[in-house]
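# Sharing a model that was predicted from the sequence below.
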Amino acid sequence: MQNLKLKIELTTKSLTFFREILSEPSSPIIRDATLLRFQRSAETFCSLLKTTSASMRDFSASCPGTFQVHS
């Protein structure tokens with residue numbers, strides 16, 4: 001249960017930072033930061049989904065291994 005709470009907290013923080021980056025003016029640095037934050041947000045959400053589904057009966061989640069950003 002503690003692990004689930006930690007993953008919820010990490011996912012919430014990651015999405016909050018992602019929203020903050022999206023509000024910044026566009027530049028190459030902001031673009032790269034946005035891509036990295038999106039990757040981190042997707043990974044933490046996937047981890048949360050796996051943890052949550054593991055505790056539920058008759059439900060399983062599968063996420064891609066590592067998200068890769070191609071520029």
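Sure thing, it's come through.
# Regarding the protein, what is its longest helix?
When the chain is parsed with DSSP state H, its longest helix is helix 28-54.
# show me what contacts the residue positioned nearest the centre of the chain?
The centre of the chain sits closest to residue 41, judged by CA atoms, centre = their mean, with a distance of 2.0 Å. Contact analysis of residue 41 by CB atoms under 8 Å, 6 or more residues apart in numbering lists 11, 14, 15, 17, 18. Placement of C-beta: from N, CA and C, glycine included.
# The third one sits in which helix or strand?
The one in question is residue 15. helix 2-22 (DSSP states H and E).
# packing partners for that helix?
Using 3 or more CB pairs under 8 Å, 6 or more residues apart in numbering; DSSP states H and E, the elements in contact with helix 2-22 are helix 28-54.
# Could you tell me the angle between the helix it packs on and helix 2-22?
160 degrees (axes from the mean of the first three to the mean of the last three CA atoms, to 10 degrees).
# So for helix 28-54, what gets flagged as buried?
34, 37, 38, 39, 40, 41, 43, 44, 45, 46, 48 (16 or more other CB atoms under 10 Å).
# Which two of those residues have the greatest separation?
Farthest-apart pair in those is 34 and 48; separation 20.9 Å (CB to CB).
# Would you mind writing the CA trace of stretch 24-35 as CSV?
What follows is stretch 24-35, C-alpha atoms only, in CSV (Å, rounded to 0.1, in the frame of the first residue of the first chain):
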residue,chain,number,x,y,z
GLU,A,24,6.6,28.2,-20.9
PRO,A,25,7.3,30.1,-24.2
SER,A,26,8.6,27.9,-27.0
SER,A,27,12.4,27.4,-27.5
PRO,A,28,14.7,24.5,-28.3
ILE,A,29,15.5,24.0,-24.6
ILE,A,30,11.9,24.1,-23.6
ARG,A,31,11.0,21.6,-26.4
ASP,A,32,13.6,19.2,-25.2
ALA,A,33,12.6,19.6,-21.5
THR,A,34,8.9,19.0,-22.6
LEU,A,35,9.8,15.8,-24.4
